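Visitor: Here is the input, now give the coordinates:
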Amino acid sequence: MSEAFAGGRGDRFISGTPSWLRAVPAATAVYAASLLAGMVATAAAGVHVSALMVPNLFLVVIYLAISWFVLRTQLRNHPQLGGWSCPPVAHHQSSRPAR
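Guide: Below you'll find the model as predicted:
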């Protein structure tokens with residue numbers, strides 16, 4: 001359940017651009033290059049997409065589409081807000097005690 005929907009605080013605001021957030025584009029580039037290299041190596045090895053892999057490929061495409069819209073919104077809002085919106089899901093879930 002959404003924190004704001006339950007009467008909680010909702011999104012947190014991160015003012016400016018912290019150093020850890022500045023490292024995200026470089027880390028993303030390294031990840032993307034590694035993923036691409038793995039895909040090329042897999043294709044070169046003659047591994048073909050099986051029917052079991054198709055649903056996972058669809059999930060990757062869906063997650064990338066969602067990520068694109070979240071990133072686009074963050075980048076458009078950053079100049080006006082002077083910071084970043086941080087959804088509470090990560091904070092909310094990680095702050096729960098283990099059961």
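
Visitor: what's the first-to-last distance across stretch 42-49?
Guide: Using C-alpha to C-alpha, to the nearest Å, the end-to-end distance of stretch 42-49 comes out at 10 Å.

Visitor: how about it: buried residues?
Guide: By neighbour count, and taking 16 or more other C-beta atoms under 10 Å as the criterion, stretch 42-49 has no buried residues at all. Using the backbone N, CA and C atoms, a C-beta is placed for each residue, glycine as well.

Visitor: tell me the pLDDT at the residue located most distally from the centre of the chain?
Guide: Among the C-alpha atoms of the chain, the one most distant from their mean position (C-alpha atoms, centre = their mean) is that of G46, at 30.3 Å. At G46 the predicted local distance difference test score is 85.

Visitor: Can you verify it is assigned to a strand?
Guide: No - when classified by DSSP: H, G, I helix; E, B strand; the rest coil, G46 is found to be coil rather than part of a strand.

Visitor: downstream neighbour of the longest helix along the chain in the secondary structure list?
Guide: The helix spanning the most residues in the chain, taking DSSP state H as the definition, is helix 54-81. Scanning forward in sequence from helix 54-81 by DSSP states H and E, the next helix or strand is strand 83-86.

Visitor: averaged over its residues, what pLDDT does that following strand have?
Guide: Along strand 83-86, the predicted confidence averages to a pLDDT of 84.
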